[in-house]
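Asker: Show me the folded form of this:
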Amino acid sequence: MLVFYIAKKLVHLAVNKIIAPSLKLSNQGAARQRTISRLIENLLNYALYFFLIYWLLSILGLPVSSLLAGAGIAGVAIGMGAQGFLSDLVNGFFILLERQLDVGDNVKLTNGSINIAGTVVSVGIRTTQVRDADGTLHFVPNRNITVVSNLSRGNMRVLIDIPLYAQTDLDRVYQLINQVNQEKVSQHPEILKEPSILGPQRNQQGQFSFRVSLTVQAGMQTTIYHLFYGFYHEALLKAGIELPTLFSHT
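Answerer: Numbering: from 1, shown residues only. Alright, predicted model coming up:
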């Protein structure tokens, strides 16, 4: 146990002091460097745990080598119910190979009706860890990841729909929205293009709204949405334009 403890500390130190600085010299991005560092550390830890269990069983006098040789590796794996573990390894390998996600990416993981959204904390060969908006840390087995929606690759589009009454003067709304854009967009370099005012829309519930589209840097879509929705809302109210309010009854 003492050797295991020291080896585990040395692995963590080696990854942080040797492997991580070496990756910085490569052409990999920062997120990719963190992903590879975590993966290497996880693989080394798995190897240490394997040797620890092997040594403990040997000390107890169990013929571990004979058991493995007699039953065969495949038979032992199946007997221990490791089919899911092997599926995790295979799926995790392709997730890493195809760079579907990296540490720090904002993603949505989907498996049927199950949806998990958040920031990737760790990418392992067996599990992926995602922390959602309220701080909950999800440990997702790689075999359960069927669809990866990565929100951190390339520029993102923000659609802001402002609810309006049908009798609202749309020309006046257009002028106010354009005025807000001229005043505020230059203060936010994360907005990459001039906003596109798409105008009146009607959603599936039949509600009338006015839509504005903004192109922003990946990861900034939520912040920009809330900021500019507030700017537009405030400008319309100051101009005396009434906005509908939706109430939910229980």
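
Asker: Wait, residue 219 touches residue 106, no?
Answerer: Yes: with contacts counted by CB atoms under 8 Å, residue 219 reaches residue 106, the gap being 5.6 Å. All C-beta atoms are positioned from the backbone trio N, CA, C, and that covers glycine.

Asker: Looking at the two, which one has more neighbours?
Answerer: residue 106 (20 against 15; other CB atoms under 10 Å).

Asker: Look up the closest residue to the more buried one, ignoring the ones flanking it.
Answerer: Closest residue to residue 106 apart from its sequence neighbours, by CB to CB, 6 or more residues apart in numbering: residue 151 at 4.3 Å.

Asker: list the helices and strands the lengthiest helix in the chain packs on?
Answerer: Identified as the longest helix of the chain according to DSSP state H is helix 30-59. On a contact count with 3 or more CB pairs under 8 Å, 6 or more residues apart in numbering; DSSP states H and E, helix 30-59 meets helix 2-14, helix 20-24, helix 64-71, strand 114-123.

Asker: Which residues are in contact with each of residue 219 and residue 106?
Answerer: 151, 152 (CB atoms under 8 Å, 6 or more residues apart in numbering).

Asker: ok so, going back, between the helices and strands packed on helix 30-59, which gets the lowest average pLDDT?
Answerer: Comparing mean pLDDT over those, the weakest stretch is helix 64-71, at a mean of 59.

Asker: any idea which residue of the protein is furthest from its center?
Answerer: residue 61 (46.1 Å; CA atoms, centre = their mean).

Asker: would you say that one is within a helix?
Answerer: No: counting by DSSP: H, G, I helix; E, B strand; the rest coil, residue 61 is not part of a helix but coil.

Asker: Tell me the pLDDT of it.
Answerer: 76.

Asker: now swap in residue 181 and tell me
Answerer: 93.

Asker: count of residues packed around it?
Answerer: Neighbours of residue 181 (other CB under 10 Å): 20.

Asker: That one sits in which helix or strand?
Answerer: helix 170-184 (DSSP states H and E).

Asker: Give me the contact list for that helix.
Answerer: Counting by CB under 8 Å, 6+ apart, residues outside helix 170-184 touching it are 162, 164, 194-195, 197, 199-200, 210, 212, 227-228, 231-232, 235-236, 239, 241.

Asker: And that helix, what's buried?
Answerer: In terms of neighbour count (16 or more other CB atoms under 10 Å), helix 170-184 has its buried residues at 173, 176, 177, 180, 181, 184.

Asker: So residue 233 sits against residue 243, correct?
Answerer: Yes: the pair residue 233 / residue 243 is scored as a contact, 7.0 Å apart, by CB under 8 Å.

Asker: Determine the residues that are contacts of both of these two.
Answerer: residue 162.

Asker: Tell me if I'm right that residue 163 and residue 209 touch.
Answerer: Yes: using CB under 8 Å, residue 163 is in contact with residue 209, at 5.0 Å.

Asker: With respect to residue 51, which of the buried residues of helix 170-184 is nearest?
Answerer: residue 184 (59.3 Å; CB to CB).

Asker: Name the helix or strand of the chain that has the lowest mean pLDDT.
Answerer: Every helix and strand of the chain was ranked by mean pLDDT, DSSP states H and E. The lowest is helix 73-79, at a mean of 53.

Asker: and the residue nearest to residue 106, what does it touch?
Answerer: Residue 151 neighbours (CB under 8 Å, 6+ apart): 105, 106, 107, 108, 218, 219, 221.

Asker: What subset of those residues is buried?
Answerer: By 16+ other CB under 10 Å, the contacts of residue 151 give 105, 106, 107, 221 as buried.

Asker: mind giving me the domain split of the chain?
Answerer: According to automatic domain parsing, the chain comprises the domains 2-150, 156-238.

Asker: Of those domains, which shows the lowest average pLDDT?
Answerer: Among these, domain 2-150 scores lowest, with a mean of 77.
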